[in-house]
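Coordinates for the following, if possible.
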Amino acid sequence: MAIRSGFSQGEVCWTDLQTSDVAAAKDFHTALFGWRYEDLPTPDGRSYAQAFLGEELVTVIAPQNPRQRESGAPGQWNVYFTVDDAAGLAAELTHAGGTLEFGPEAVEGTGVMVFFAPPGGGSTGAWQAGSHFGAARTEEPGPWRGWNCSRPSRRPPSGSSSSCWAMT
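Numbers count the residues shown, from 1 in each chain. As a prediction, the model looks like this:
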């Protein structure tokens, strides 16, 4: 069992699932991984579920945002990389050819989130830890173990910065 107490700059530290059916996703992942949940309210009156393996927080299952829901977008897993300076990353994104989609935004004292699109497509998040550093368990059956990044071409996107897009 790999219990984490923090992550280094550039490491994947967190995931969350955005879905149109939180209850069905919870049932599925409980059957598959044995997760248990604690439901918490969202600012708009819905709820999201913190997922635990044993006593350790491993991810969150959340409802899709209104834009995703209205467009009929499928559910998606979001991946967050650890950053020491979310505002600095947000300022650097456009110089590296990316697009800032959200943030930087402080999330109730738990940290600062930035969501962005690299120039080759897709989107991902960055997390500057506050009281929440990321997943407490990783690299074992049940929580996430690693990520494969994919894009149509193996060549780096035009204008990409190796420091900004090291994981693509």
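
Report how many residues lie close to A62.
By the criterion of other C-beta atoms under 10 Å, A62 has 21 neighbours. Using the backbone N, CA and C atoms, a C-beta is placed for each residue, glycine as well.

If it is in a bridge, with which residues?
Legend: beta-bridge partners of A62 under DSSP bridges are Q18.

who's in contact with it?
Contacts for A62 (C-beta atoms under 8 Å, 6 or more residues apart in numbering) come out as D16, L17, Q18, T19, V22, T42, Y48, A49.

P104: which of those is nearest?
For these, the residue nearest P104 by C-beta to C-beta is D16; the value is 17.1 Å.

Could you measure from the closest one over to P119?
To P119, D16 is 24 Å away according to C-beta to C-beta, to the nearest Å.

and if you look at I3?
36 Å.

So between the two, which is more surrounded?
P119 (18 against 11).

May I ask you to confirm that the more buried one is in contact with H95?
No. Judged on C-beta atoms under 8 Å, P119 makes no contact with H95 at a distance of 11.3 Å.

buried sites along the helix or strand of the chain with the lowest mean pLDDT?
Least confident helix or strand of the chain, by mean pLDDT, DSSP states H and E, is helix 66-71 with a mean of 87. Residues Q68 are the ones in helix 66-71 that count as buried (16 or more other C-beta atoms under 10 Å).

same question, stretch 71-84
Residues G75, N78, V79, Y80, F81, T82, V83 are the ones in stretch 71-84 that count as buried (16+ other C-beta under 10 Å).

just those residues now: which is nearest Q128?
Nearest to Q128 among these: V83, at 5.3 Å, using C-beta to C-beta.

So which residues of this structure form helices?
22-33, 66-71, 86-93 (DSSP state H).

centre of the chain versus the first one, how much separation?
Relative to its parent chain, helix 22-33 has a centroid offset of 18 Å by C-alpha atoms, centre = their mean, to the nearest Å.

And the average pLDDT for it is what?
Helix 22-33 shows a mean pLDDT of 93.
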